[in-house]
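Undergrad: build the 3D model from these lines:
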Amino acid sequence: MVQAEYPPAIEGEGLELRPWDEDLAAQMAKWGIRGFPYHAFDLGYLKDPARRASAIAGFREEGPHRHFVAVEDGTAVGRVSVNLRDPAGCYLWSVHVAPEHERRGVCRRMLAALMVYLERSGTWPGFILTSNSFAEHAHRAYRALGFEIAETRWHFDREIAEELWRVSPELREPIARHIRFQDGRWQVRNFVMRREPGTPMITRGAGRALRA
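TA: This next block holds a predicted model:
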């Protein structure tokens, strides 16, 4: 089953997951940035009104993808997108928590709220996401939610590859074991992670298990 429209705000784990709008996009434009190698998640471009309007329109248009902003007490604290028609299952992507909102379980709570909603509203073969292997903090959150590494791949990430040509060896060193130069271009090691429906999720510290 695939929802034809966005649902009302998805509530759970102290958060509301809402579609993108002008206010939330303006908040996200002010989020802190991490830079290399996490620059793909930097949202500074939303400061420009024209680009912000274009992004909002794109993230709300009809299609298989749904794009949500996690809101806590009126403040945008994270974002996540899901492809409802991926052949492999519900494909979660663009999982992003701003640096200033980390260490409070936002990632776990955001994904748990979304997955519980989806499991209760349709029949799904499971959930899948991919993550660069250097994102070790994110992997701890995914494992707490019941995801396991199903496959390891080397892939070409254009943005990271372009940066690798420019950054110093010192900046490259922390991710050295996660990258390689092959066939004339830089590649990044990537994990494919899967979660079976109904797998218990630990959403807040140790010991609080949630079932869909």
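
Undergrad: can you list the weak-confidence ranges in the protein?
TA: 1-5, 123, 205-212 (pLDDT under 70).

Undergrad: closest to the centroid, which residue in it?
TA: Val95 (0.9 Å; Cα atoms, centre = their mean).

Undergrad: please identify which helix or strand holds it.
TA: Using DSSP states H and E, Val95 sits in strand 90-97.

Undergrad: neighbours of the nearest residue to Gly126 once chain neighbours are set aside, how many?
TA: Among residues not flanking Gly126 along the chain, Gly89 sits closest, at 4.3 Å (Cβ to Cβ, 6 or more residues apart in numbering). (Each C-beta comes from the backbone N, C-alpha and C, glycine too.) By the criterion of other Cβ atoms under 10 Å, Gly89 has 18 neighbours.

Undergrad: which helix runs longest in this protein?
TA: helix 106-121 (DSSP state H).

Undergrad: need the contact partners of that helix.
TA: 1, 3, 7, 10-15, 17, 68, 70, 72, 77-78, 80, 82, 90, 92, 95, 97, 124, 127, 138, 141-142, 144-145, 195, 197-198, 201-204, 210, 212 (Cβ atoms under 8 Å, 6 or more residues apart in numbering).

Undergrad: tell me where this structure has helices.
TA: 22-28, 49-60, 106-121, 136-144, 158-166, 169-172.

Undergrad: of these, flag the one that's most buried.
TA: With neighbours defined as mean count of other Cβ atoms under 10 Å, these peak in mean count at helix 106-121, which reaches a mean of 22.

Undergrad: beta partners for Asn190?
TA: Asn132, Arg153 (DSSP bridges).

Undergrad: you'd agree Ile179 is up against Glu163?
TA: No - with contact defined as Cβ atoms under 8 Å, Ile179 and Glu163 do not form a contacting pair (10.7 Å).
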